[in-house]
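In: Generate coordinates for the sequence data below:
(one chain, ligands or ions: 3)
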Amino acid sequence: MLPAAPEQTPSAHPERAGRARPARGARRRAPSGLFEPAQLVRSLPEALHKLHPRVLVKNPVLFVVSAGAALTTLSALLHPDVFTWVISLWLWLTVVFANLAEAVAEGRGKAQARALRRARTDTVALRLEHWSYGTNLATARTEAVAATDLKPLDVVLVAAGELIPADGDVIDGVAAVDESAVTGESAPVIREAGGDRSGVTGGTTVLSDRIVVRVSARPGHSFLDRMIALVEGASRQKTPNEIALNILLASLTIVFVLVVVALQPMGAYAGAAQSTTVLVALLVTLIPTTIGALLSAIGIAGMDRLVQRNVLAMSGRAVEAAGDVNTLLLDKTGTITLGNREAAAFVPMPGVREAHLAEAAQLSSLADETPEGRSVVVLAKNRHGLRTPDQGALTNAHWVAFSAQTRMSGVDLRWPNGAVCAVRKGAAGQVIEWVRRYGGQVPPEAQRYSDAVAAGGGTPLLVAVHDWDGPRVLGLIHLKDVVKDGIRERFAELRRMGIRTVMITGDNPLTARAIAQEAGVDDYLAEATPEDKLALIRREQEGGKLVAMTGDGTNDAPALAQADVGVAMNTGTSAAKEAGNMVDLDSNPTKLIEIVEIGKQLLITRGALTTFSITNDVAKYFAIIPAMFAGTYPGLRSLNVMGLHSPTSAITSAIIFNALIIVALIPLALRGVRYTPASAHDLLRRNLLVYGLGGLVLPFVGIKVIDLAVSQVPGLG
Ligand SMILES: Nc1ncnc2c1ncn2[C@@H]1O[C@H](COP(=O)(O)OP(=O)(O)OP(=O)(O)O)[C@@H](O)[C@H]1O
Ligand SMILES: [K+]
Ligand SMILES: [Mg+2]
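Out: Numbering: from 1, shown residues only. Ligands and ions are numbered 1, 2, ... in the order given. So this is what the prediction gives:
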């Protein structure tokens, strides 16, 4: 959890717990401390600050109200009377209350930003002058530089007890890291080179061991900087939906301004010319002040609700898109499975000694920094007592790193006597093709054994050599991975929300199918390259679907960038975090369920309050129109259905109600309308009923009550 947010409760933390606890978050109610009346008082100075014309002009509805308030104040100064002063006062209060809504929504973020600022580092970093695989860190030359001077691609050495000076990826070593300064979680996490858990954040602390980090962030553009800007709302931009709604509100406002202006000559002709104060009051009740006041607070609160769940949304647009997501793509390893895909057994081909296979497997993995590669070395050591070969023999080694495109890794060795030997391990299809390319025969067992491992949900890695005996398959490594606990139920929940889940993996179709079945996803895509993932997203989007994607690997980055909602795991590589538009600090892939709920809640809240805003103006016309013309057209008195005391008390009550309803709705705008999984159609009907009807009826009662009080005031009765 983010620091300085005491209301938060600890969240499910699969990475640390070692398994995905079915996060209770989905059912966790918005933290009860999300809104407390004291916040209104605390945010008052900020609300008054926002009375500046430069701020007001950004909100057309509020701008018109403040212009009206200025006008009535002027007329109160020229022709003082109680009515004009009271109306002026309440019009200003209307603007202050509207500002208050925004100020309260922003207030929480400011506290969090203060805590995050403290984590920003001004430490000294040890920059390595050269680094390559195998560099001896004990003797490597380093220079001390200020953390703020680090540039992308700089390589720094960080030891236990030290602050990580900048965002980056671990490229050598493994360490326990305390990320509480950023995530608020005190349990340490493991960060290691090679895999999809290499991302580290500047300002976090290394607890054990020593790691080499390649810096990825430009100065001033670190993750922490972005987080601070985000929670502070500094980088907040209006979303397309907000802009559209704002245009609608502005147009309505202009129309009503014209209507009111045109009313005066007509009224004068009929002998019922109105005072400025009455005309302004009419205008303010006509224009949609409620939603105009609450709109931005609703958006900020939506982002904030995500922060409460430890999700950082880099764009408000992504939060809205989350509310309408149709398809969720997840990668398999580390997202659906635990991700510590480990070598469990060596399976030799007929006629091959297991020790020989193990030796080749180990050789191909010595420089393979992926968790898979490291686990092969460990298994060879544990099972066959194999030690790392003599460095002297390996000086002429050309290491072939694993890539998602080639699906292979290995080494080309040149022995001192000039003989050449190549070893490869990788996906069955690729390794078989490699052997055949050099004219080797592949026994049918190679495919058969691989399929057997895959059918059980394991990942087979074929091992082949090409030496003086020619190219041939020696056997396979059985990699095991485990489907996370409770993930089936979470997918079922997504299905109820109308979201289709698709697993994408670089693994072979048989493994993919076995895991897909066990996890209960709706569909899967196997042997997917990064391009395939991207193409799949584009295809879905062309069909008009909104696509969400969660991932952590560098090979997920293009897809994360293309997805409408791209959630990167905080554990992931910096490429993935850079590409997505949200980061989950808990690295919990099923967090998307909560993200979708929050997105839906945001859309529903905005819809509900817009409905309420428009319908709740109706009652105010019934208060004001009869009051305006009762003198000229006594027949209009029958419209005074509320039986309001007098024209002045009626108009005053309508304006007071119009202002108070904003304050009354601030908690709802911040907390959000309650969301229950239901079809969009049912939700719409329910909301129209509750908020439309509520908006229609409530003001009749409210204005009547206020009128009873107002009519007691001398000068208004
Ligand atoms: N270190 C490695 N060396 C050689 N081959 C590997 C290595 N790691 C994985 N492979 C092979 O490459 C295939 C694709 O791996 P990749 O990591 O791209 O996909 P994945 O992890 O299965 O999928 P995802 O991460 O998208 O869930 C694997 O199925 C395996 O056969
Ligand atoms: K109004
Ligand atoms: Mg992977």
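
In: Tell me the pLDDT of the closest residue to Val212 other than its chain neighbours.
Out: Nearest residue to Val212, sequence neighbours excluded (CB to CB, 6 or more residues apart in numbering): Asp172, at 3.8 Å. All C-beta atoms are positioned from the backbone trio N, CA, C, and that covers glycine. With respect to pLDDT, Asp172 scores 90.

In: Likewise for His466?
Out: For His466, pLDDT reads 95.

In: Ok, Leu696 next?
Out: pLDDT, Leu696: 89.

In: Show me what the helix or strand hosting it is in contact with.
Out: In the assignment (DSSP states H and E), Leu696 maps to helix 693-710. For helix 693-710, contacts defined as CB atoms under 8 Å, 6 or more residues apart in numbering pick out 611-616, 618-620, 622-623, 641-645, 649-650, 652-654, 656-657, 660-661, 716-717.

In: ok, now with 7 Å
Out: With contact meaning CB atoms under 7 Å, 6 or more residues apart in numbering, helix 693-710 is reached by 611-612, 615-616, 618-620, 623, 642, 644-645, 649-650, 652-654, 656-657, 716.

In: What values do phi and psi take at the residue nearest to Val212?
Out: Dihedral pair for Asp172: phi -150, psi 140, per degrees, to the nearest 10.

In: And for Glu192?
Out: Glu192 adopts backbone torsions of phi -140, psi 160, taken as degrees, to the nearest 10.

In: With Ser208 instead?
Out: Dihedral pair for Ser208: phi -140, psi 160, per degrees, to the nearest 10.

In: re the thing from before, restricted to buried residues, select the contacts of helix 693-710 in PyMOL.
Out: A single PyMOL command is used to select the members of those judged buried by 16 or more other CB atoms under 10 Å:
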select buried, resi 611+612+615+616+619+620+623+642+644+645+649+650+652+653+654+656+657+716
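
In: is it true that Glu342 touches Ser375?
Out: Yes: counting by CB atoms under 7 Å, Ser375 is a contact partner of Glu342 at 4.1 Å.

In: In whichever strand or helix holds Ala669, which residues are buried?
Out: For Ala669, the host element (DSSP H and E) is helix 647-671. Buried residues in helix 647-671, counting neighbours by 16+ other CB under 10 Å, are found at 647-663, 665-671.

In: Mind giving me the packing neighbours of it?
Out: Here helix 647-671 touches helix 82-119, helix 276-286, helix 289-308, helix 592-615, helix 618-629, helix 693-710, going by 3 or more CB pairs under 7 Å, 6 or more residues apart in numbering; DSSP states H and E.

In: Now that helix: average pLDDT?
Out: pLDDT averaged over helix 647-671 gives 93.

In: Pull the distance from the helix holding Leu696 to the chain's centre.
Out: 40 Å (CA atoms, centre = their mean, to the nearest Å).

In: again, but for stretch 387-407
Out: 39 Å.

In: Wondering if that stretch reaches ligand 1 at all.
Out: Yes: contact between stretch 387-407 and ligand 1, assessed by CB under 6 Å from any ligand atom, occurs at 402, 404, 407.

In: which one in this structure is furthest away from the centre?
Out: In the chain, counting by CA atoms, centre = their mean, Gly271 sits farthest out from the average C-alpha position, at 59.9 Å.

In: The closest residue in space to it that isn't next to it in sequence: how many residues sit nearby?
Out: Once flanking residues are discounted, Gly271 sits nearest to Thr632: 5.9 Å by CB to CB, 6+ apart. Thr632: 13 surrounding residues under other CB atoms under 10 Å.

In: and Thr632, that's in a helix?
Out: No: using DSSP: H, G, I helix; E, B strand; the rest coil, the assignment for Thr632 is coil, not a helix.

In: quick one: contacts for it?
Out: 270-272.

In: Among these, which are located in strands?
Out: Of the contacts of Thr632, none are assigned to strands by DSSP state E.

In: Filter these to keep only those in contact with ligand 2.
Out: With the criterion set as CB under 5 Å from the ion, no member of these is near ligand 2.

In: just checking, which of the residues you listed belong to helices?
Out: Using DSSP state H, no member of those falls within helices.

In: ok, which residues in the protein are in contact with ligand 1?
Out: Residues of the chain lying near ligand 1 (CB under 6 Å from any ligand atom): 331-333, 368, 370, 372-373, 402, 404, 407-409, 425-427, 459, 461, 504-507, 553, 555.

In: Same list, those, but only the ones touching ligand 2.
Out: Okay, of the residues of the chain next to ligand 1, nothing touches ligand 2 (CB under 5 Å from the ion).

In: So which of the residues you listed sit within strands?
Out: Per DSSP E, the subset of the residues of the chain next to ligand 1 in strands is 331, 408-409, 425-426, 459, 461, 504.

In: Tell me who's in contact with the residue in the chain that ligand 1 sits nearest to.
Out: As assessed by CB to the nearest ligand atom, ligand 1 sits closest to Gly506 within the chain, at 2.4 Å. Contacts for Gly506 (CB under 7 Å, 6+ apart) come out as 404, 407, 527-528.

In: among those residues, who's most crowded?
Out: Ala528 leads these on contacts (other CB under 10 Å) with 24 neighbours.

In: Tell me who's in contact with the residue of the stretch 151-300 of the chain found nearest ligand 2.
Out: Closest residue of the stretch 151-300 of the chain to ligand 2, CB to the ion: Thr289 (3.8 Å). Contact analysis of Thr289 by CB under 7 Å, 6+ apart lists 61, 65, 94, 658.

In: mind checking which helix or strand the first one is in?
Out: The one in question is Val61. helix 60-78.

In: ok so, going back, from the residues of the chain next to ligand 1, which would you call buried?
Out: By 16+ other CB under 10 Å, the residues of the chain next to ligand 1 give 331-333, 368, 370, 372-373, 402, 404, 407-409, 425-427, 459, 461, 504-507, 553, 555 as buried.
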